[in-house]
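*Asks:* Give me a 3D structure for the following:
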Amino acid sequence: MRSGGVRTGAFTFHFVFRCCAAGARARAGLCLMLHAACLRTMLPSAAPLVANPLIHMYASMGLTDDARRAFDEIPAKDAVVWATVIGGLVRWGLLDEARRLLVQAPERNVVSWTSLIAGYSRAGRPADAVYCFNCMLSDGVAPDEVAVIGALSACSKLKNLDLGRLLHLLVGQKRIRMTDNLVVALIDMYAKCGDIAQAQAVFDAVGRGQKPEPWNAIIDGYCKLGHVDVARSLFDQMGARDVITFNSMITGYIHSGRLRDALQLFMQMRRHGMRADNFTVVSLLTACASLGALPHGRALHASIEQRIVEEDVYLGTALLDMYMKCGRVDEATAVFHRMGERDVHTWTAMIAGLAFNGMGKDALESFCQMKRDGFQPTSVTYIAVLTACSHSSLLDEGRLHFNEMRSLHKLHPQVEHYGCMIDLLARSGLLDEAMHLVQTMPMQPNAVIWGSILSACRVHKNIDLARHAAEHLLKLAPEEDAVYVQLYNIYIDSRQWADAKRVRMLMEERGVKKTAGYSSITVAGQVHKFVANDQSHPWTLEIMAMMEEIACRLKSVGYSPVTSRIAVDVDEEEKEQALLAHSEKIAIAFGLISLPPSLPIHIVKNLRVCEDCHSAIKLVSQLWNREIIVRDRSRFHHFRDGACSCNDFW
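*Replies:* Residues are numbered from 1 along each chain as shown. Model prediction:
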């Protein structure tokens, strides 16, 4: 048009500026050039016609300084122009500047207030959003649907049920149209504020249409409150489910510990041809990791390989973490090496995984490689590094890294770092040095630190310090049964029967029950759980026969049960039978008869492995030529050829 010599006018630039705002290959230089051309050719009287699209163009491009300058140069500003510049500032996160400008506006309309309310709500500043909503009402501006939705979102974040109810009343008083978005906001507000009955009432009254959004909101509300069966009932009633519906339901099952149901729903989702989002798959992998559900994790890995989701660094890190927490270091390492992109979280997961699997030196080598690759370690990375030192008795390395995190990386140790270092010193028998660190650390020691001291006292026979540590623990965690049990065992080991009896009586007085130990093993996708002396399993006869065989073969190679740890006054034969009936031994017996020889036996135990079981499992791994992996509450034990990855330092 310009090449043809045709004169441009205000209407021309009005539409050109709108095109730039819509992103039609616009660049900052082009915007400035068009603005300059407009000023050269347009009559001053036509300025109001282009003012709004000009400001909108700059604001859409993120050129907020230019938008503000153009706004300041407009001689006569109407309400639309004010709303445009305020909305632009909100869009780019300049909320307080937008608010100051709104206060200066001669006329404040619902559009300006609404953009500011929504902006504060999205930015995680719900109190400011509510304040602006109240100011809008004080200004005499009637709220519209969008303003109420923004205020309801703020109520959800604040858990302010009373204000949410007032907003619901306001919707009726102002006759605001009950759109799907408003219905969703009301349901979400009531659910997040804990009034699920009222959320259900809103849904029943206006939400049971064909669109999935209200259904998704009520299902998500029930899931977040733990009522997954009610959510599933609504899920089954839905006509048209979408990805959000499935994701909410899957996440609800995961948070309720129902991994099998979550995975079944995930497979159903795939059968419907829906593409899962990465957040859902990462959540499923995290659940598999926490439960040690290796077969389910492998099934998810196979799905990822089929490109059901777009692989990224978060998904790769979750997959690596899952294999590490299932004790499959080789598979985790393979995932790590195949990752096209790694970040500091990936390296930290790798280091932590190696640490918990007893491969401390490999963990430290990974840490060195991470730094060689140019990654700056974080505070969490150093927790993993110090854990590796603690679990593998790497005393000199632990001291070195504890000091260098401050000197080289300016990271101040937190209570977790002190906990790792104190644990390392105490495990190594340096109880005086450990206590010196406890007394000089800049924060109060927590229950984990005193627990490390107490555990070390049992190993190194320090009764006085054990009593001191237990006193602190009983103040910090009076309901924690492990404290009483540990102290009781220390007294029994030292044959201080009266003190042991007092601990028992204290437990009874305070109503503290000893946590029942159990072990689980997954066979053919099904989890089998055992407790001590368990005879409830359908294969009980076969398991008992295998346990007798284990006992005979252990004795044939000179194994002697560690009966000294049993405090009950019974004869040696009964003590040996009690040790044989421990849950991990039952689970291993079941694994020997139900898994092919080529597969490792993977056991998950909720408590720490006892000394007798640890010694026995080492021999079982040698006698049956099997790899046995035991994940207890503090670490992994990889048993191969009569040895354990922890080197008996656990």
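*Asks:* Could you use CA atoms for every contact and neighbour count after this?
*Replies:* Will do.
*Asks:* which of the residues in stretch 163-172 are buried?
*Replies:* 163-165, 167, 171 (16 or more other CA atoms under 10 Å).
*Asks:* okay if I get those as a markdown table plus distance to residue 95, secondary structure and pLDDT?
*Replies:* Formatted as a markdown table, the buried residues of stretch 163-172 follow (distance: CA to CA, whole Å; DSSP: H, G, I helix; E, B strand; the rest coil; pLDDT from 0 to 100):
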| residue | distance to residue 95 | secondary structure | pLDDT |
| --- | --- | --- | --- |
| 163 | 23 | helix | 86 |
| 164 | 23 | helix | 89 |
| 165 | 27 | helix | 91 |
| 167 | 23 | helix | 87 |
| 171 | 26 | helix | 86 |
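*Asks:* Pick out whichever of the residues you listed sits closest to residue 3.
*Replies:* Closest approach to residue 3 among the buried residues of stretch 163-172 (CA to CA): residue 171, at 55.3 Å.
*Asks:* In contact with that closest one, which residues?
*Replies:* 148, 177 (CA atoms under 8 Å, 6 or more residues apart in numbering).
*Asks:* do residue 504 as well
*Replies:* Counted by CA under 8 Å, 6+ apart, residue 504 has contacts 484, 488.
*Asks:* from the chain's centre, how far out does the helix or strand harbouring it sit?
*Replies:* Here residue 504 sits within helix 497-510, counting by DSSP states H and E. Helix 497-510 sits 39 Å away from the centroid of its parent chain (CA atoms, centre = their mean, to the nearest Å).
*Asks:* Next, the buried residues of it.
*Replies:* Under 16+ other CA under 10 Å, the buried positions of helix 497-510 are 500, 503-504, 507.
*Asks:* For the following helix or strand past that helix, give me every contacting residue.
*Replies:* The element immediately downstream of helix 497-510 (helix or strand, assigned by DSSP H and E) is strand 518-523. The contact list for strand 518-523 (CA under 8 Å, 6+ apart) reads 293, 527-532, 583-584, 587, 591, 594-595, 601-607.
*Asks:* next SSE after strand 518-523?
*Replies:* Later in the chain than strand 518-523, the nearest helix or strand by DSSP H and E is strand 526-531.
*Asks:* follow-up on the earlier one: any chance of the buried residues of stretch 163-172 in JSON lines with distance to residue 448 as columns?
*Replies:* Shown next, in JSON lines, are the buried residues of stretch 163-172 (distance: CA to CA, whole Å):
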{"residue": "163", "distance to residue 448": "41"}
{"residue": "164", "distance to residue 448": "41"}
{"residue": "165", "distance to residue 448": "44"}
{"residue": "167", "distance to residue 448": "46"}
{"residue": "171", "distance to residue 448": "52"}
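*Asks:* Can you get me a residue count around residue 476?
*Replies:* 15 (other CA atoms under 10 Å).
*Asks:* and if you look at the one 4 residues further on?
*Replies:* Counted with other CA under 10 Å, residues neighbouring residue 480 total 17.
*Asks:* so who does it touch?
*Replies:* Residue 480 neighbours (CA under 8 Å, 6+ apart): 474, 512.
*Asks:* for the nearest residue to residue 602 once chain neighbours are set aside, which residues make a bridge with it?
*Replies:* Nearest non-adjacent residue to residue 602, counting by CA to CA, 6 or more residues apart in numbering: residue 629, 4.7 Å away. For residue 629, the beta-bridge partners are residue 602, residue 638 (DSSP bridges).
*Asks:* In terms of pLDDT, where does residue 629 sit?
*Replies:* We have a pLDDT of 91 for residue 629.
*Asks:* Surely it and residue 637 touch.
*Replies:* Yes: taking CA atoms under 8 Å as the definition, residue 629 is a contact partner of residue 637 at 5.7 Å.
*Asks:* From the contacts of strand 518-523, list just the buried residues.
*Replies:* 293, 529-532, 583-584, 587, 591, 601-605, 607.
*Asks:* Roughly how far does the residue nearest to residue 602 sit from residue 580?
*Replies:* Residue 629 sits 18 Å away from residue 580, going by CA to CA, to the nearest Å.
*Asks:* how does the chain divide into domains?
*Replies:* When the chain is parsed with the TED database, its domains come out as 413-515, 520-644.
*Asks:* Which of the ones you listed has the lowest mean pLDDT?
*Replies:* domain 520-644 (a mean of 83).
*Asks:* Not counting residues beside it along the chain, what's closest to residue 211?
*Replies:* residue 240 (7.6 Å).
*Asks:* quick one: which of residue 629 and residue 580 has more around it?
*Replies:* Under the criterion of other CA under 10 Å, the comparison of residue 629 against residue 580 puts residue 629 first, with 25 against 22.
*Asks:* Contacts for the longest helix along the chain next, please.
*Replies:* Of all segments of type helix in the chain, defined using DSSP state H, the longest is helix 540-556. Around helix 540-556, the neighbours that count as contacts under CA under 8 Å, 6+ apart are 580, 585-586, 589-590, 592-593, 616, 619-620, 623.
*Asks:* picking that back up, which of the buried residues of stretch 163-172 sits closest to residue 539?
*Replies:* The closest of those to residue 539 turns out to be residue 164 (CA to CA; 56.3 Å).
*Asks:* can I assume that closest one is in contact with residue 152?
*Replies:* Yes: Residue 164 is within contact range of residue 152, at 6.2 Å (criterion: CA under 8 Å).
*Asks:* which residues do those two both contact?
*Replies:* Joint contacts of residue 164 and residue 152 (CA under 8 Å, 6+ apart) are residue 189.
*Asks:* residues near the residue nearest to residue 601 when sequence neighbours are not counted, how many?
*Replies:* Nearest non-adjacent residue to residue 601, counting by CA to CA, 6+ apart: residue 628, 4.7 Å away. Using other CA under 10 Å, residue 628 is surrounded by 24 other residues.
*Asks:* Start the count at 202 instead of 1 going forward.
*Replies:* OK, 202 is where the count begins now, so the last one is residue 829.
*Asks:* If anything else comes up later, I'll come back, but that's it for now.
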